[in-house]
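# missing the sequence, but the structure's below:
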């Protein structure tokens, strides 16, 4: 029984791996096919647009006007489609606009097919008589497509401007908060400087800060702590006294002291 169970598990795993491999292969083939189809479609559109552009400039008369109408219609519809599909991924409210554009695309495709058939029409006089109505239909469709495209772009631009305004306001608040400590420090420094009396010799013309002269100690304060701190000495430590010789006139002479004899030189 145990051997049979092991075989059954192995068989199930094998079937699962095979099914997973088949599914991955199908998905890969489908993605490759869609990529090839998109490439072929894009190449076909490029060639067709280039041909229409050449006809609109190179062929005079009815053929050139039909080519120009088709080129205008295709350019406007493709630009609107790209703008709406790019915007709906970020703004879900454009879904209604995409639905309206699909309905408009049906009319645009119908007009493009009709213009394409008229390009092969040998009766140019009849086609020339239809041109005013064809131009009007083309203008109506392209005007609606342009309105949707520019409305979607204006909406996206407005959202971007609002987001930028909010971001600028937040940055201004953050910048003010970052400068708050600097303003407080400068205010404290100014208050401390205003409350400290100027030292002797300090005047409007004397520079302060780096490179300024040190304040001279006041008279009689040579051994004070203020003078020591001004010159970098430790606070509370007395300054050393000068060593001077005794004054002979002020000394008391005693009887046992002998006067010094002058030295003679021979």
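All right, it came through fine. These numbers were taken from a predicted model, which means no experiment stands behind them.
# give me the number of residues near the nearest residue to residue 138 once chain neighbours are set aside?
In space, and not counting its chain neighbours, residue 138 is closest to residue 69: 5.0 Å by CB to CB, 6 or more residues apart in numbering. Backbone N, C-alpha and C define where each C-beta goes, glycine included. Neighbour count for residue 69, taken as other CB atoms under 10 Å: 23.
# same question for the one 3 residues further on.
Counted by other CB under 10 Å, the residues lying close to residue 72 total 17.
# other SSEs contacting the helix or strand harbouring residue 15?
Using DSSP states H and E, residue 15 sits within helix 2-58. The contact analysis (3 or more CB pairs under 8 Å, 6 or more residues apart in numbering; DSSP states H and E) places helix 2-58 against helix 62-88.
# angle of the helix it packs on against helix 2-58?
Angle, helix 62-88 to helix 2-58, by axes from the mean of the first three to the mean of the last three CA atoms, to 10 degrees: 140 degrees.
# per-residue pLDDT, the residue nearest to residue 138?
With respect to pLDDT, residue 69 scores 93.
# give the helix, strand or coil label for residue 90.
coil (DSSP: H, G, I helix; E, B strand; the rest coil).
# three-state assignment of the residue nearest to it when sequence neighbours are not counted?
Counting by CB to CB, 6+ apart, residue 156 is the residue found nearest to residue 90 once chain neighbours are left out, at 7.6 Å. Following three-state DSSP, residue 156 is assigned to helix.
# OK, contacts around residue 156?
Residues in contact with residue 156 (CB atoms under 8 Å, 6 or more residues apart in numbering) are 87, 90-91.
# ok, of the residues you listed, which one's closest to residue 5?
residue 90 (53.9 Å; CB to CB).
# wait, the residue nearest to residue 138 touches residue 137, no?
No. If you go by CB atoms under 8 Å, residue 69 and residue 137 don't touch, sitting 9.0 Å apart.
# how's this protein carved up into domains?
1-54, 59-177 (automatic domain parsing).
# out of these, which is the most enclosed?
Comparing the domains of the chain by mean neighbour count (mean count of other CB atoms under 10 Å), domain 59-177 ranks first with a mean of 15.
# what about that one, how long is it end to end?
Using CA to CA, to the nearest Å, the span of domain 59-177 from its first residue to its last is 68 Å.
# where does the stretch 1-150 of the chain have low pLDDT?
1 (pLDDT under 70).
# please repeat the previous calculation with a cut-off of 90.
Counting by pLDDT under 90, the ranges of the stretch 1-150 of the chain that qualify are 1-64, 86-94, 119-125, 127.
# now the helices for the stretch 101-250 of the chain?
Per DSSP state H, counting those that start in this stretch, the stretch 101-250 of the chain carries helices over the ranges 124-195, 225-230.
# right, and these - which one's nearest residue 34?
So among these, helix 124-195 is nearest, using CB to CB, at 26.1 Å.
# angle of the closest one against helix 62-88?
Using the same axes, to 10 degrees: helix 124-195 against helix 62-88 is 40 degrees.
# who touches stretch 85-101?
So stretch 85-101 is contacted by 80-81, 84, 145, 148, 151-153, 155-156, 159 (CB under 8 Å, 6+ apart).
# farthest-separated two in these?
Among these, 145 and 159 lie farthest apart (CB to CB), at 21.8 Å.
# make CSV out of the helices of the stretch 101-250 of the chain and add distance to residue 61.
Shown next, in CSV, are the helices of the stretch 101-250 of the chain (distance: least, CB to CB, whole Å):
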stretch, distance to residue 61
helix 124-195, 7
helix 225-230, 102
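# between the ones you listed, which gets nearest to residue 108?
Among those, helix 124-195 sits nearest to residue 108 (CB to CB), with 5.1 Å.
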